[in-house]
Each structure stands twice: as structure tokens, then as C-alpha cells.
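Visitor: task: produce atomic coordinates for the following.
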Amino acid sequence: MDRREEHRPWGFYEVLSDRPDHKVKRVTVYPHQRLSLQKHRHRAEHWFVVAGRAVATLDGADRILGPGGSVDIEAGFTHRIMNAGSDDLVFVEVQTGNSFEEDDIERLEDDYGRIK
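Guide: Predicted coordinates:
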């Protein structure tokens, strides 16, 4: 597999594994940036923080995560993650389900004008 970084306004990610039954990404979020509030119909996610300080929002409830902290996100749950620190936030995202394409993202709120 050809590894490549995908850059976004909030940071970037690298796909570490992309198989029919799962996808794994290493995600870096710049200080004080956050991903869109979103949900997925066809996949669940598990986030494991490697470095930095995160605020993970899951169905309206905030949870603070540091290195070693993790959260499970079921398909259909609204979620987002924010870098609450002054250093890069790095986490590993494991996706399971039957679709790992970007078109499975339903954005509900977005700081970067990406809601269609």
C-alpha cells in the first residue's frame, strides 16, 4: 500500500492500513483546531491518543483524553475531537464496518465551511 498524508485545514492524517474489514489512520490535529461534528452510517471508530491533549465529544458529552486515553464511537453517534493543547494532538483511528470512504461523513457543524 502506498502511504500518503492527506492534509486538511485542522491538520493531516496518514492511512496506515486499508483493508476490506478495517481502516487505520494516524491523525495529527494542530493546536486549538478541531474536526467537524459528524457521524457515520456505515462504520464505527476507535480513537487512541498517542500524544497531546484532546477533548472528544460523543453524542454531546465531552471527555478529556491524554496519551493512552481512548474512546469508542458507534455508527450513528455524533462525534468530534479537538486539540485542547498547545502541541500537536496525535491519535490513531481504527475504523470498522462496511464503508470507509469519505462520503460516509455526514458533517453537522464545521469550522472550515465544508458542509454541503
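Visitor: okay, now the sheet partners of the helix or strand of the chain with the lowest mean pLDDT, with direction.
Guide: In the chain, no helix or strand scores lower on mean pLDDT, DSSP states H and E than strand 106-109, which sits at a mean of 88. In the sheet, strand 106-109 lines up against strand 37-39 (antiparallel) (DSSP bridges).
Visitor: after the strand it pairs with comes which helix or strand?
Guide: Downstream of strand 37-39, the first helix or strand assigned by DSSP states H and E is strand 43-51.
Visitor: which other residues reach that following strand?
Guide: Strand 43-51 is contacted by residues 26, 54, 56, 65-75, 79, 81, 87-100, 104 when judged by CB atoms under 8 Å, 6 or more residues apart in numbering. Yep, even glycine has a C-beta here, placed from its N, CA and C like the rest.
Visitor: what about the nearest residue to residue 87 once chain neighbours are set aside, distance to residue 78?
Guide: Once flanking residues are discounted, residue 87 sits nearest to residue 52: 5.5 Å by CB to CB, 6 or more residues apart in numbering. Separation of residue 52 from residue 78 (CB to CB, to the nearest Å): 22 Å.
Visitor: do residue 41 as well
Guide: Counting by CB to CB, the gap from residue 41 to residue 78 is 12 Å.
Visitor: ok, the two, which is more surrounded?
Guide: When neighbours are counted by other CB atoms under 10 Å, residue 41 and residue 78 differ, and residue 78 comes out ahead with 16 against 12.
Visitor: could you measure from that one over to residue 37?
Guide: Look at residue 78 and residue 37: by CB to CB, they are 6 Å apart.
Visitor: likewise residue 84?
Guide: From residue 84 to residue 37 the distance is 16 Å (CB to CB).
Visitor: now swap in residue 98 and tell me
Guide: For residue 98 relative to residue 37 (CB to CB), the value is 23 Å.
Visitor: try residue 79
Guide: Here residue 79 is placed at a distance of 7 Å from residue 37 (CB to CB).
Visitor: hey, what's in contact with both of those two?
Guide: When contacts are counted by CB under 8 Å, 6+ apart, residue 79 and residue 37 are jointly contacted by residue 57.
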